[in-house]
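pasting the sequence and the predicted model now:
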Amino acid sequence: MKIICSQAELLKGVQSVQSIISNRVSLPVLANILLETQKDKLKLAATDLEVGIKTEIATEILKEGSITLPAKMLFDIVRELPNQDIQLEVTPEYKVILTCGKIVFKIMGLPKDEFPIIPDFKEENAFDIPMGTLKNMIQKTIFAISNDETRYVLTGVLLQTSNNNLEMVATDGRRLAYINGGKLNKGTKNKLDVIVPSKALREINRLIGDDDEKKIIKIELTENQISYKVGATTLVSRLIEGKFPNYKQVIPKEHSLDLVLDTAKFLSAIKRMSLVAAEKAESIKLELADNKAVISGMAQGLGEAQEEIEIEYKGNKFEVAYNPKYLIEVLKNISTPNIILELSNPMSPGVIKPQSDEEYLYVIMPMRL
């Protein structure tokens, strides 16, 4: 293989794929990026066997071929090169001679036949959705995923289609995030019900730029894999096997109290009170009485704090406690000026909704006072 490409293009391609590579690999080739010529393009690919990503960049091809190179070393080298054309030439011994002006690197690679195949997809179960919509859905659910590997089905996000609507749900058993993304641009023939690993969603979230919101992303599925196509880049991930819990049973159907809270003020108060919340049983208390909400935190033997927020409330005194982390993570991802907090009693789940947004809700379990 012998090619010429710009430093900026090669850096962009390597950046697109190298982030999924694990620091601990079971095979040496999994620490490498595959570079392969195809027509007038250079294809780059990386995988950890669970998630694979491939992209392509414009290249002048002098000789067809392929090679795999250590991802970190390639990224570090290309990043430090001047913004000039780079020539890559592969020798019969799988050594790559990288030349940029008067700079020459020689890097040992591995042949393509040792690199796992990242599959291509048919369009039988494919649908389109605006990138901005998908990014918003990921950001509003992914933080509620469980990190407990013993509850494997909860380490991903449930993706469903119903009536040509796309829905996503995440839960760790103590809180639940649900969002309805609305109508799909191009629906699927079959109803979908799959669990997507968190790593794949984090990579998709990274790949979608702020200026890509109105662009379309194509999502395709097979029986056990999902593919996301973002521009010239395609990410392929295995799906999590198993049955996701019936999340609809968790969402309270009735409540006795609606509170309207200023999102920014509530978030700031929770952050401040969490500074003195006890580490072993981290919680903050919310006390309602006479048009005010008193938020407080305490660590036995260390200190305590409280903050008062004015609200519209004329009911009986009401006290409930929550893990501040679970409140902070959802409030950071709500863009409406106000939220609605639905409550029933101190031991029942609370529901947080952005005001005037019926497509998103967050269920949070209380803690003992």
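Received it, and whenever you're ready, just let me know what you need.

contacts and neighbour counts: CA atoms only from here.
OK.

tell me where this protein has helices.
Secondary structure of the chain (DSSP state H): helices at 7-18, 71-80, 131-139, 198-207, 263-274, 324-331.

state the distance from residue 22 to residue 305.
Distance of residue 22 to residue 305, given as Cα to Cα, to the nearest Å: 42 Å.

more neighbours, these two?
Neighbours were counted for residue 22 and for residue 305 using other Cα atoms under 10 Å; residue 305 has more, 16 against 12.

quickly list what that one is bridged to.
Residue 305 forms beta bridges with residue 297, as assigned by DSSP bridges.

thought it was touching residue 274?
No - in this structure, residue 305 is not within contact of residue 274 by Cα atoms under 8 Å, at 9.2 Å.

for the residue nearest to residue 146 when sequence neighbours are not counted, give me its contacts.
Nearest residue to residue 146, sequence neighbours excluded (Cα to Cα, 6 or more residues apart in numbering): residue 172, at 4.2 Å. Contact analysis of residue 172 by Cα atoms under 8 Å, 6 or more residues apart in numbering lists 144, 145, 146, 147, 154, 155.

now residue 172. Its backbone dihedrals?
Main-chain dihedrals, residue 172, degrees, to the nearest 10: phi -120, psi 10.

okay, it and residue 348: tell me how far apart.
With Cα to Cα as the criterion, residue 172 and residue 348 are 17 Å apart.

list the residues that contact both of residue 305 and residue 274?
Counting by Cα under 8 Å, 6+ apart, the residues touching both residue 305 and residue 274 are residue 297.

if I look at the residue nearest to residue 146, how far off is residue 351?
16 Å.

do residue 327 as well
As for residue 327, its distance to residue 351 is 11 Å (criterion: Cα to Cα).

between those two, which one's more packed in?
Neighbour count, other Cα under 10 Å: between residue 327 and residue 351, residue 351 has more, with 22 against 19.

report the contact partners of the more buried one.
Counted by Cα under 8 Å, 6+ apart, residue 351 has contacts 251, 252, 340, 341, 342, 343, 361, 362, 363, 364.

and if you look at residue 109?
So residue 109 contacts 67, 68, 69, 70, 94, 95, 96 (Cα under 8 Å, 6+ apart).

repeat that for residue 52.
20, 45, 46, 118, 235, 236, 237 are the contacts of residue 52 under Cα under 8 Å, 6+ apart.

quick check: the third one touching residue 22?
Think residue 46. No - using Cα under 8 Å, residue 46 is not in contact with residue 22; the gap is 10.3 Å.

what are the contacting residues of stretch 225-245?
For stretch 225-245, the external contacting residues (Cα under 8 Å, 6+ apart) are 16, 50-56, 118-119, 121, 152-154, 156, 158, 194-197, 200, 204, 207-208, 216-221, 224.

at 7 Å what do you get?
50-56, 153, 194-197, 200, 217-221, 224 (Cα atoms under 7 Å, 6 or more residues apart in numbering).

can you spell out the domain ranges of the chain, please?
Here the domain parsing of the chain from automatic domain parsing is 2-114, 126-248, 251-364.

for the first one, the averaged confidence score.
Summarised as a single mean, pLDDT over domain 2-114 is 95.

then the second one?
Within the predicted structure, the mean pLDDT of domain 126-248 is 89.

OK, contacts around residue 68?
So residue 68 contacts 32, 33, 34, 35, 109, 110, 111, 112 (Cα under 7 Å, 6+ apart).

TSV for those, including distance to residue 268?
TSV is the format used below for these (distance: Cα to Cα, whole Å):
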residue	distance to residue 268
32	44
33	43
34	46
35	48
109	51
110	52
111	54
112	52
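
now the buried members of these.
Buried subset of these (neighbour count, 16 or more other Cα atoms under 10 Å): 32, 33, 34, 35, 109, 110, 112.

so the second one sits against residue 47, correct?
Spelled out, it's residue 33. No - between residue 33 and residue 47 there is no contact under Cα atoms under 7 Å: 8.2 Å.

report the buried residues of stretch 21-31.
If you call a residue buried by 16+ other Cα under 10 Å, then stretch 21-31 has these buried ones: 21, 29, 30, 31.

among those residues, which two are most distant?
In those, two members sit farther apart than any others by Cα to Cα. They are 21 and 29, at 10.5 Å.

what touches both of the two?
Common neighbours of residue 21 and residue 29 (Cα under 7 Å, 6+ apart) do not exist.

coming back round to it: now a ChimeraX select for only the buried ones of the contacts of stretch 225-245.
In ChimeraX, a selection of the buried entries from the contacts of stretch 225-245 looks like this (16+ other Cα under 10 Å):
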select :51,52,53,54,55,56,153,194,195,196,197,200,217,218,219,220,221
